[in-house]
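K.L.:
3D, please:
(2 chains)
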There are 2 protein chains.
Amino acid sequence: MVPGHEIIGRVSSVGKKVKRFKVGDQVGVGCMVDSCQHCEACDEGLEQYCAEAPTFTYNSLDRHDKLPTYGGYSDKIVVSDKFVVKIPKGLDLKGAAPLLCAGITTYSPLRHWKVGRKSKVAVIGLGGLGHMALKLAKALGAEVTLFTRSPGKEKDARRLGAKHVVLSTNEKQMAAVKGKFDLIIDTVPYAHDLNPYIPTLSLSGTLVLVGYLGGLEPALNTVSLIMGRKAVAGSVIGGIAETQEMLNFCGKHGIISDVEVIKIQDINEAYERMLKSDVKYRFVIDMASLK
Amino acid sequence: MVPGHEIIGRVSSVGKKVKRFKVGDQVGVGCMVDSCQHCEACDEGLEQYCAEAPTFTYNSLDRHDKLPTYGGYSDKIVVSDKFVVKIPKGLDLKGAAPLLCAGITTYSPLRHWKVGRKSKVAVIGLGGLGHMALKLAKALGAEVTLFTRSPGKEKDARRLGAKHVVLSTNEKQMAAVKGKFDLIIDTVPYAHDLNPYIPTLSLSGTLVLVGYLGGLEPALNTVSLIMGRKAVAGSVIGGIAETQEMLNFCGKHGIISDVEVIKIQDINEAYERMLKSDVKYRFVIDMASLK
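P.N.:
Sure, this is the predicted structure:
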């Protein structure tokens, strides 16, 4: 089994009422294990926006016994079948695991903002989220650009699906993409200035934040929003039905995450490396190493 | 004639090639008198977002002679017929004049974000823009709420179309409308804290700024955007075709602006009163008083 926040592997037992799964099925559990199941969001299959907040797989309180959830740091998990997704045959399980987090986090806004063959999409930041955004946007047919501050990322970006790479610190390069993008997926996880990116949105375009939780500083200037009917939005993971749709899409297009598999004994070192962005592009723990 | 930034009256002469208008027609000129006419925005009839910036009726430089434009402070105006709209019969000309500014500024986002019979719309601020937003959202079939800091505005708000009035300084009242609004039209023209309003948006809802040009301070917190796929957007006036659509809609529904008509000699006093928000809800100058 190959868990992280999320967990992936094979079904070892099923409840009597469970029809969708049988022992041995290749399945995954993503970032959520439960939700209220009766609010408007849950009714629409958007459990990630549950009005009572979903129960996250890691570091939430279980709705039934009120005990903390420990995520995928385990060689098994007991979970409602409603929160289990099927992993298409042919997808490598190690590379599929991060699809349940980085994959769905970037796929959901691409779909919500209707990205397709005529779309021009930009991705800010090339890390775990960013590398999935490049792959998925490309597979959806979009022309994809990476915004980065690091000149060294160009080769990898192109391999992952970017047609263009723009150095966001270079004013000339930024000016050259003015008014270009229908959607910008911003994966940067720390406070950063959005103002240089808004002018690169097309008319009625949207910049969607998927990585940063905090205050927008420096202050977002509204003039560039107003003069072009532009928007800054946020999005988090995706619903269970959409996660299955994303997995089926990845199965069809042969898309997995670029991963580095580690043993559980190496987790502290991996954590230190992650803090330095020294990972291409997700660590996956092989839980067989636990024994 | 009854001009302001915008100008309204009757056609006194037409060029040889002009087919759509004849002498004596009841017409108006809104906030724009020209645009590049060849960019993507202009091609889509969104001249307000012209890539070269439109020529505004007031305080722009004319594209031909490079002289400043003086707006509606005149008893006549010479303008391309492309930037002239018809005022439907039956609409009072004095009350119709502000439709070309406050009317289209609020109508355009209501239409872009598809407000209709099942929509719940809130309006922040009851001034020139806000009072039109209430009337138009109501006429489009939405359930309309006014957010205000002034308890005294309740009666007027209900007369203008609000079903509910929420004091934005009252935490209980704010909590009671959590997750309610598909669209919030924010007409406040100065820096103000958006953070209390974002939680009142429904899933995937949008707060659209139509009055404030400046930095978003205090900082907009992204958590409430992300946990509900919400957006903050901007919008300015509307295109010429949409302005005509709005006027036809107002003609059909008998909607005009609430105005106070003044003589040109009283303009300084009116300006002082406007600074104190002492106008319900727009001043209109009767240019006959110029003679």
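K.L.:
so which strand or helix has A:Met274?
P.N.:
Using DSSP states H and E, the element containing A:Met274 is helix A:267-275.
K.L.:
buried residues, the next helix or strand after that helix. List them.
P.N.:
Sequence-wise, the next helix or strand downstream of helix A:267-275 (DSSP H and E) is strand A:282-286. Across strand A:282-286, burial judged by 16 or more other CB atoms under 10 Å in any protein chain shown covers A:282-285. Just so you know, the C-beta spots here come from the backbone N, C-alpha and C atoms, and that holds for glycine as well.
K.L.:
other SSEs contacting strand A:282-286?
P.N.:
Here strand A:282-286 touches helix A:93-96, strand A:259-263, helix A:267-275, going by 3 or more CB pairs under 8 Å, 6 or more residues apart in numbering or on different chains; DSSP states H and E.
K.L.:
highest mean neighbour count out of the ones you listed?
P.N.:
Compared across the helices and strands packed on strand A:282-286, helix A:93-96 shows the largest average neighbour count, a mean of 20 (mean count of other CB atoms under 10 Å in any protein chain shown).
K.L.:
who in the stretch 101-250 of chain A is up against chain B?
P.N.:
Remark: the part of the stretch 101-250 of chain A in contact with chain B comprises A:112, A:179, A:203-204, A:206, A:209-210, A:212-236, using CB under 8 Å from any CB of the partner chain.
K.L.:
picking up where we left off before, with pLDDT added, can I get the buried residues of strand A:282-286 in JSON lines?
P.N.:
Output for these, formatted as JSON lines (pLDDT from 0 to 100):
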{"residue": "A:Arg282", "pLDDT": "94"}
{"residue": "A:Phe283", "pLDDT": "94"}
{"residue": "A:Val284", "pLDDT": "93"}
{"residue": "A:Ile285", "pLDDT": "93"}
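K.L.:
need the residues you listed in CSV with distance to B:Leu194, can you?
P.N.:
What follows is the buried residues of strand A:282-286, written out as CSV (distance: CB to CB, whole Å):
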residue, distance to B:Leu194
A:Arg282, 34
A:Phe283, 37
A:Val284, 39
A:Ile285, 41
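K.L.:
nearest to chain B among those?
P.N.:
A:Arg282 (20.5 Å; CB to the nearest CB).
K.L.:
in chain A, which strand has the most residues?
P.N.:
Counting by DSSP state E, the longest strand found in chain A is strand A:201-209.
K.L.:
what angle do that strand and strand B:201-209 make?
P.N.:
Strand A:201-209 and strand B:201-209 are oriented at 140 degrees to each other (axes from the mean of the first three to the mean of the last three CA atoms, to 10 degrees).
K.L.:
pLDDT on the helix or strand following strand A:201-209, on average?
P.N.:
Next helix or strand after strand A:201-209 toward the C-terminus (DSSP H and E): helix A:223-226. The average pLDDT within helix A:223-226 is 96.
K.L.:
summarise which helices and strands helix A:223-226 is packed against.
P.N.:
Judged by 3+ CB pairs under 8 Å, 6+ apart, the packing partners of helix A:223-226 are strand B:231-234.
K.L.:
hmm, who's touching the strand it packs on?
P.N.:
Outside of strand B:231-234, the residues within contact range by CB atoms under 8 Å, 6 or more residues apart in numbering or on different chains are A:206, A:220, A:222-234, B:109, B:194, B:198, B:204-210, B:216, B:220, B:225.
K.L.:
what's the first helix or strand after it?
P.N.:
Using DSSP H and E, the next helix or strand after strand B:231-234 towards the C-terminus is helix B:240-253.
K.L.:
what is the mean pLDDT for that next one?
P.N.:
98.
K.L.:
buried residues of that helix, list them for me.
P.N.:
Across helix B:240-253, burial judged by 16+ other CB under 10 Å covers B:240, B:242-247, B:249-251.
K.L.:
now for that helix, which elements pack on it?
P.N.:
Packing partners of helix B:240-253 (3+ CB pairs under 8 Å, 6+ apart): strand B:85-86, helix B:102-112, helix B:128-139.
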